[in-house]
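> next input, structure requested:
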Amino acid sequence: RFDSYPTNIMIKIGMVIMLLLGIIMAIMLPSVVDLWYTFGTIAIPALLLPTLFSIFKKPLSKTTAKLNLLIPPFISIMWFLFGKIDNSSYYWGLEPFYPGLGSSLLILILFNRSQRETLNANES
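Okay, the predicted model is just below:
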């Protein structure tokens, strides 16, 4: 488990991973506009809805937050990569942002519903 490693080692590992990812992205996407577009397409679906929930004081469970930080970016990355394989277009003409945002919404609906049902069952 990662909990057993000291925090400074985990930070260093994360920095090395991000350095390698940054180098790969800089080589693949030499245009700064393309780089920001790609980063936004992947990151925003994971962050948009949880940020809105926090603004409106609707707390998310840890499980919901973790899933929302893992699954939507993964879906957006896969959609982006599979759309770039043949250099024609994305599936169904959808930008990677939309499937990622849809998965984020689905996670929030499913897990917040189960969280509310658990809270209601505990109150009874």
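> ok, residue 17 to residue 43 distance?
Going from residue 17 to residue 43 by Cβ to Cβ, to the nearest Å gives 15 Å. The C-beta positions use only the backbone N, C-alpha and C, and glycine is treated the same way.
> out of these two, which sits in the busier spot?
Taking other Cβ atoms under 10 Å, residue 17 and residue 43 do not tie; residue 43 has more neighbours (16 against 10).
> can you tell me the closest non-neighbouring residue to the more buried one?
residue 73 (6.6 Å; Cβ to Cβ, 6 or more residues apart in numbering).
> wait, that neighbour sits on residue 101?
No. Residue 73 is not in contact with residue 101 according to Cβ atoms under 8 Å; the separation is 11.0 Å.
> mind listing the strands in this structure by residue range?
Ranges of strands within the chain: none, based on DSSP state E.
> and residue 57, what does it touch?
If a contact means Cβ atoms under 8 Å, 6 or more residues apart in numbering, then residue 57 has no contacts.
> kindly state the pLDDT recorded for it?
If you check residue 57, the pLDDT there is 79.
> also residue 78?
Per the predicted model, pLDDT is 90 at residue 78.
> next: residue 69.
90.
> which non-adjacent residue is nearest it?
In space, and not counting its chain neighbours, residue 69 is closest to residue 46: 5.3 Å by Cβ to Cβ, 6+ apart.
> surely the one you found touches residue 100?
Yes. Residue 46 is within contact range of residue 100, at 7.0 Å (criterion: Cβ under 8 Å).
> show me the shaky parts of this structure.
Low-confidence segments of the chain, defined by pLDDT under 70: 1-5, 87-88, 113-124.
> if we use 90, what do you get?
Applying pLDDT under 90 to the chain flags the ranges 1-11, 14, 21-22, 24-32, 34-39, 50, 53-66, 77, 80-95, 109-124.
> that one: helices as residue ranges?
For the chain, applying DSSP state H gives helices covering 7-28, 32-55, 62-85, 97-123.
> next one: the third one to chain centre, how far?
If I follow you right, that is helix 62-85. The chain centroid and the centroid of helix 62-85 are separated by 5 Å, computed with Cα atoms, centre = their mean, to the nearest Å.
> could you pull out the buried residues of that helix?
64-65, 67-69, 71-73, 75-76, 79-80, 83 (16 or more other Cβ atoms under 10 Å).
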